[in-house]
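Predicted model, plus sequence, below.
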Amino acid sequence: MELSLTTQTFGVDDQSWLGSEHGTQATESVTLDTSTFTAGTHYPAGYFKSGLPLGKITATGKYGLYNSAAEDGTETLVGFLFAASRRRP
């Protein structure tokens, strides 16, 4: 069994979209529903960049891309993805 520490770099995160540091010390972990994102637009390099607007899907409790025309919960903006996240299959 391999127990050594490994590090993977998957992109440079640009948080210039943040207006200030206010609230960044109290971020929450969420699970993204990748089916609500478009590969070529939202994670073309295999990871989600920070700053994506998120809505909470009522049926699953997962978070998807905010969509004002939706009727699944993602029509309500609940926040933004704070840090880049690698897409997992």
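Ah, there it is. Residues are numbered from 1 along each chain as shown.

C-alpha from now on. contacts and neighbour counts both.
OK.

So residue 31 is in contact with residue 60, correct?
No: counting by CA atoms under 8 Å, residue 31 does not reach residue 60; the two are 10.0 Å apart.

Give me the distance between the residue most central in space within the chain and residue 43.
Against the mean C-alpha coordinate of the chain, by CA atoms, centre = their mean, the closest residue is residue 81 at 4.2 Å. Using CA to CA, to the nearest Å, we find residue 81 at a distance of 13 Å from residue 43.

Likewise for residue 37?
On the measure of CA to CA, residue 37 and residue 43 end up 8 Å apart.

Residue 83 too?
For residue 83, the distance to residue 43 equals 13 Å [CA to CA].

who touches both of these two?
residue 49 (CA atoms under 8 Å, 6 or more residues apart in numbering).

From the contact counts, what lies against the helix or strand of the chain with the lowest mean pLDDT?
Of all helical and strand segments in the chain, the minimum by mean pLDDT, DSSP states H and E falls on strand 85-86, at a mean of 81. Applying 3 or more CA pairs under 8 Å, 6 or more residues apart in numbering; DSSP states H and E, one finds that strand 85-86 contacts strand 47-48.

Could you confirm residue 40 falls within a helix?
Yes: if the criterion is DSSP: H, G, I helix; E, B strand; the rest coil, then residue 40 is within a helix.

Low-confidence regions, the chain specifically.
Residues of the chain meeting the criterion pLDDT under 70: 1-2, 5-12, 88-89.

what do you get if the cut-off is 50, keeping everything else the same?
Of all residues in the chain, none has pLDDT under 50.

now do the same end-to-end measure for stretch 55-63.
Stretch 55-63: ends 6 Å apart by CA to CA.

err, stretch 64-82, not the other one
The first and final residues of stretch 64-82 sit 14 Å from each other (CA to CA).

same check, this time on stretch 30-38
By CA to CA, the extent of stretch 30-38 from end to end equals 19 Å.

and if you look at stretch 63-74?
Using CA to CA, the distance between the terminal residues of stretch 63-74 is 8 Å.

And that stretch, what's buried?
By neighbour count on 16 or more other CA atoms under 10 Å, the buried set for stretch 63-74 is 63, 64, 65, 66, 67, 73, 74.
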